[in-house]
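# Here's a sequence, model it:
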Amino acid sequence: MRKVFVANRGEIALRVVRACRELGIDSVVGWSDADRDSAAVRQATAALRLGPAPSRQSYLDGSLVVAAARATGCDAVHPGYGFLSEDADFARAVEAAGLIFVGPRPEHIDAMGDKIAAKRLAAANGVPLVPGGTIDDGLPPEALAAGLPYPVLLKAAAGGGGRGMRIVQAAAEFPAALASARLEAREAFGDSTVYWERLILRARHIEVQVLGDTHGTQVHLFERDCSLQRRHQKLVEESPSPVLEPAQRRELCEAALALVRGMRYRGAGTIEFLLDADRGTVHFIEMNTRIQVEHPVTEMVTGVDLVREQLRIAAGLPMSAHMTSASSLGHAIECRINAEDPACDFMPSPGRITRWRLPGGPGVRVDTHAHEGAVVPPYYDSMIAKLIVWDRDRESARLRMLRALSEFEIDGIATTIPLHLELLATPEFAGNRYHTRWIGERLAARREQTSEETAG
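Residues are numbered from 1 along each chain as shown. This is a model prediction of the structure:
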């Protein structure tokens, strides 16, 4: 592997460029008009315009990306996360063009991209599932609603990122929720297939990082806890999970490893589970066949460079020797810093950054493509930085994160830094007393209180 085409933008594009440089590999970044002057474009070996800012005319045009990779003499394509990273047809097109796809085999993307098929494969490998089932498109909604163990969660079979998901509390709500979920799933993924799962009211979202190479080695790199979410979007991640007992951790990691070994998986992936806090049971929900936004917390506690391992594996090399004996040390926390205004229902806040001062000190890492004077465009995901800290234990890491957040100065746009400062200072976070719906419930209670005070 001599030259990699980076088919993404923002901090992950810059992250791949840096990993390539450390391995002595040239990189070419494809950019849209909104990213002409981005950090990834400046630091890559070369760069090529893909098209205008709308994603479907640049980053989401697979044929355009493949043509650009070939035109610039690349022998590999790294899709980052989002965009085309879990598009099996794109992976096939890359390989059909004689290029290396830095990711899993297309058939593995297919298998895990259909959440119903993924659950069947997980069950076949002995991985515990959330109770649920398919929805027969041939039956009327009223018939489908009968007999379900409410509350239930409707989920898009081809879904991700919280789209195509609806909570249904009773049979009377089912028809409207199903129609809404199907519509959103079709618009987002081109597939309206929906299935149901029993809703776990007090759940912790825990995922296991896995890697596999072409030499028959599959490993796990322990777990991340991603339970602080708003509308199924992760806000804060940490490793290790503070809620797992040692036996549960072993069960979770061994289940993830059984699945990737059964698949003979290649590349980086994440096996996602829900821990039912009331029952103490662990259930598989899905697998993401790509690098995750939150991968730095795993890197901080294991010392493993996951993007570098992706590149090694894609080049046909065995993963680094230390991978089979990797251990987890200390505690890491990541906060996603988004250009959104929490005070205005998280309205996106594009615009020019007029002040940008990064935090520093021991155990502090910032993954970002932003800088003072940069313009945050309105076309893409609102994340502008990931703030990651490490310390010897969770409480020390929490205090370090609060200190780092207080040092992070951004003007010109609204950000989620005030929300993170609030959340990490709560007794619930400090005492590990929260679940995936906790932030939503907290914000809803605040809106209700504000409404009552206004009415009064």
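# can we go C-alpha only for contacts and neighbour counts from here?
OK.
# Now tell me what touches the helix or strand where residue 234 lies from outside.
Assigned by DSSP states H and E, residue 234 falls within strand 233-239. Strand 233-239 is touched from outside by 161-162, 223-229, 294, 297-298, 301, 331-336, with contacts defined as CA atoms under 8 Å, 6 or more residues apart in numbering.
# try it again with 6 Å
Residues from elsewhere that reach strand 233-239 (CA atoms under 6 Å, 6 or more residues apart in numbering): 224-226, 228-229, 331-336.
# which of the residues you listed tops the neighbour count?
Counting neighbours by other CA atoms under 10 Å, residue 332 leads those with 30 neighbours.
# So what pairs up with that residue in the strands?
Per DSSP bridges, the residues bridged to residue 332 are residue 239, residue 390.
# Distance check, it against residue 266.
For residue 332, the distance to residue 266 (CA to CA, to the nearest Å) stands at 26 Å.
# cool, residue 377 as well?
Distance from residue 377 to residue 266, by CA to CA: 34 Å.
# Could you do residue 139 as well?
In this view, residue 139 and residue 266 are 39 Å apart by CA to CA.
# Tell me where the stretch 201-350 of the chain has helices.
Applying DSSP state H, counting those that start in this stretch to the stretch 201-350 of the chain gives helices spanning 246-263, 295-302, 306-314.
# I'd like the average pLDDT over stretch 334-350.
For stretch 334-350, mean pLDDT rounds to 97.
# With adjacent residues omitted, what lies nearest to residue 302?
Leaving aside its chain neighbours, residue 302 sits nearest to residue 328 (4.9 Å; criterion: CA to CA, 6 or more residues apart in numbering).
# actually residue 89, not the one I typed
Using CA to CA, 6+ apart and skipping the chain neighbours, the partner closest in space to residue 89 is residue 106 (7.3 Å).
# So that neighbour sits against residue 87, correct?
No. Using CA atoms under 6 Å, residue 106 is not in contact with residue 87; the gap is 8.1 Å.
# Need the pLDDT of the residue nearest to residue 89.
Reported pLDDT for residue 106: 97.
# And residue 130, by the same measure?
pLDDT, read off for residue 130, is 88.
# Same check on residue 456?
In this prediction, residue 456 carries a pLDDT score of 68.
# same deal with residue 52?
At residue 52, the predicted lDDT confidence score is 95.
# likewise the one 3 residues further on?
Here the pLDDT value assigned to residue 55 is 85.
# any idea how far it lies from residue 17?
Distance, residue 55 to residue 17, by CA to CA: 21 Å.
# ok, the two, which is more surrounded?
Ranked by neighbour count (other CA under 10 Å), residue 55 and residue 17 place residue 17 first, with 27 against 15.
# Angles on the backbone of the more buried one, please.
Phi and psi for residue 17, reported as degrees, to the nearest 10, are phi -60, psi -40.
# Tabulate the CA atom coordinates of the lengthiest strand in the chain in CSV.
Longest strand in the chain by number of residues (criterion: DSSP state E): strand 218-230. C-alpha atoms of strand 218-230 as CSV (Å, rounded to 0.1, in the frame of the first residue of the first chain):
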residue,chain,number,x,y,z
GLN,A,218,-9.5,-11.8,15.8
VAL,A,219,-9.2,-9.9,19.0
HIS,A,220,-11.3,-7.6,21.2
LEU,A,221,-10.0,-4.5,22.8
PHE,A,222,-12.5,-4.3,25.7
GLU,A,223,-15.6,-2.2,26.0
ARG,A,224,-16.9,1.4,25.8
ASP,A,225,-19.9,2.7,27.7
CYS,A,226,-22.0,5.1,25.4
SER,A,227,-25.0,5.5,27.6
LEU,A,228,-25.2,9.3,27.7
GLN,A,229,-27.3,9.9,24.6
ARG,A,230,-29.9,12.3,23.3
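# Direction included, what does it pair up with?
Sheet pairing for strand 218-230, using DSSP bridges, gives strand 203-212 (antiparallel), strand 233-239 (antiparallel).
# hey, which of those strands is tucked in deepest?
Most buried of the strands paired with strand 218-230, by mean neighbour count (mean count of other CA atoms under 10 Å): strand 203-212, with a mean of 25.
# Give me the distance from it to the chain's centre.
Offset of strand 203-212 from its chain centre (CA atoms, centre = their mean, to the nearest Å): 11 Å.
# Give me the contact list for the worst-scoring helix or strand of the chain on mean pLDDT.
Sorting the helices and strands of the chain by mean pLDDT, DSSP states H and E puts helix 438-455 at the bottom, at a mean of 84. For helix 438-455, the external contacting residues (CA under 6 Å, 6+ apart) are residue 230.
# Mind doing that once more with 10 Å?
202-203, 227-232, 235, 342, 345, 423, 428, 456 (CA atoms under 10 Å, 6 or more residues apart in numbering).
# and that helix, which residues are buried?
Neighbour counts over helix 438-455 (16 or more other CA atoms under 10 Å) mark 438-439 as buried.
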